[in-house]
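> structure of the sequence below:
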Amino acid sequence: MESLVVECLRCGSSREADASPLRQANPECPKCGYVGWAPVGALSERERRIMRERPLERRRLRIA
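Numbering: from 1, shown residues only. I've put the predicted structure just below:
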């Protein structure tokens with residue numbers, strides 16, 4: 001099965017994840033415990049900085 005490298009939206013650590021759209025588990029980050037992940041190539045440095053500076057309670061994914 002194909003894998004994909006994702007990064008934690010809180011601390012920036014990365015891990016390999018199953019690339020299947022049917023994956024159901026979002027394990028928490030082993031470094032900080034956060035559960036928000038994004039593919040490494042999906043975010044710009046500006047977007048990464050904005051996400052890390054925003055308080056956790058204000059982080060929401062808005063799909064256009």
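> can you map out the strands along the chain?
When secondary structure is read from DSSP state E, the chain shows strands at 3-8, 14-18, 37-39.
> next, format the ones you listed as CSV and append mean neighbour count and distance to residue 30.
Quick note: C-beta positions are derived from backbone N, CA and C, even for glycine. As requested, the strands of the chain are exported to CSV (neighbours: other Cβ atoms under 10 Å; distance: least, Cβ to Cβ, whole Å):
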stretch, mean neighbour count, distance to residue 30
strand 3-8, 17, 9
strand 14-18, 13, 8
strand 37-39, 16, 12
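> distance to residue 52 added to those, as TSV?
As requested, those are exported to TSV (distance: least, Cβ to Cβ, whole Å):
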stretch	distance to residue 52
strand 3-8	10
strand 14-18	14
strand 37-39	12
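> any idea which of the ones you listed gets closest to residue 29?
Evaluated over the strands of the chain, closeness to residue 29 peaks at strand 3-8, with 4.2 Å, by Cβ to Cβ.
> could you give the angle of the closest one to strand 14-18?
Strand 3-8 and strand 14-18 are oriented at 140 degrees to each other (axes from the mean of the first three to the mean of the last three Cα atoms, to 10 degrees).
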